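Novice: Below are the sequence and a predicted model; questions follow.
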Amino acid sequence: SQTIHQWPATLVQPVGSPLSLECTVEGTSNPNLYWYRQAAGRGLQLLFYSVGIGQISSEVPQNLSASRPQDRQFILSSKKLLLSDSGFYLCAWSVGTDGSYEQYFGPGTRLTVT
Amino acid sequence: GNSVTQMEGPVTLSEEAFLTINCTYTATGYPSLFWYVQYPGEGLQLLLKATKADDKGSNKGFEATYRKETTSFHLEKGSVQVSDSAVYFCALNVPGNTPLVFGKGTRLSVIA
């Protein structure tokens, strides 16, 4: 069966510090991978998605970046965090089944920028 | 463009009450439709799905029917429990390899 891991689970970082969040998927090959952010009490904001190694689509211009160094690894980074980067970060994966690309989410990382 | 509209929350119900959360969509082509649930502090879980018109998705007592004529996919449950308290997201996937389009979510609180 497939599993998705995110770490760390929680993170408190000062403004201006760098960020690296990691997501890995097990039990599947060549998945689509996604990063979402969820501000407190708000909906989901798609940040990045990737359909293959080195292929990253950015949905929202901001001070975040994403990389996919391996087939099942997706990394979210920032060089300098802003207060507005606080939120709940979710990674997800999908593989097309009969043309339906339902997504499966990780447990999330709670980021607080102080 | 493609979009999903959910009823505004929060929704507060007493235990054993009937639940309906409305979801309508706008999409090109024939999308697949989904309901996800997010419990406090957790990621989203796929609750149910339907891939073509008149399909009914069901899981854990929840169900939703893909209505092409009204472009709707309303979530229902006959008798809610306190443990159903969560945020529910409706989503669609248009044919092809593209990200899901999510609604804004509806918070449900069930009180004993």
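Specialist: Arrived safely.

Novice: Around chain B, which positions in chain A sit nearby?
Specialist: A:32, A:34, A:42-44, A:46, A:49, A:51, A:90, A:92, A:94, A:96, A:98-108, A:110 (C-beta under 8 Å from any C-beta of the partner chain). In short, each C-beta sits where N, CA and C put it, glycine included.

Novice: These in strands, which ones?
Specialist: Mapping the residues of chain A next to chain B onto strands (DSSP state E) picks out A:32, A:34, A:44, A:46, A:49, A:51, A:90, A:92, A:94, A:103-105, A:110.

Novice: For chain B, which residues are neighbours of chain A?
Specialist: So far as C-beta under 8 Å from any C-beta goes, chain B lies against chain A at B:32, B:34, B:36, B:41-46, B:49, B:51, B:89, B:93, B:95-100, B:102-105.

Novice: measure the residue nearest to the spatial centre of chain A to residue B:24 for me?
Specialist: Residue closest to the mean C-alpha point of chain A, counted by C-alpha atoms, centre = their mean, is residue A:35 at 2.9 Å. Between residue A:35 and residue B:24 the computed distance is 27 Å (C-beta to C-beta, to the nearest Å).

Novice: I'd like to know how many residues surround residue B:51.
Specialist: Residue B:51 has 18 neighbours, counted by other C-beta atoms under 10 Å in any protein chain shown.

Novice: Excluding chain neighbours, what is closest to it?
Specialist: Distances taken as C-beta to C-beta, 6 or more residues apart in numbering or on different chains put residue B:32 closest to residue B:51, at 4.5 Å, once the chain neighbours are dropped.

Novice: Please list all residues in contact with that neighbour.
Specialist: Shown in contact with residue B:32 (C-beta atoms under 8 Å, 6 or more residues apart in numbering or on different chains): A:99-102, B:49-51, B:92-93.

Novice: cool, and residue B:72?
Specialist: With contact taken as C-beta under 8 Å, 6+ apart, residue B:72 is in contact with B:22-25.

Novice: For those residues, work out which two are farthest apart.
Specialist: B:22 and B:25 (11.1 Å; C-beta to C-beta).

Novice: quick one: the residue nearest to residue B:26 when sequence neighbours are not counted and residue B:40, what's the gap?
Specialist: Distance criterion C-beta to C-beta, 6+ apart; nearest residue to residue B:26, sequence neighbours excluded, is residue B:3 at 4.9 Å. When C-beta to C-beta is the yardstick, residue B:3 and residue B:40 sit 27 Å from each other.

Novice: in chain B, which helix or strand is least confident?
Specialist: Taking mean pLDDT, DSSP states H and E as the measure, chain B has strand B:101-102 as its least confident helix or strand, at a mean of 93.

Novice: what lines up beside that strand in the sheet?
Specialist: Strand B:101-102 sits in its sheet next to strand B:86-93 (antiparallel), going by DSSP bridges.
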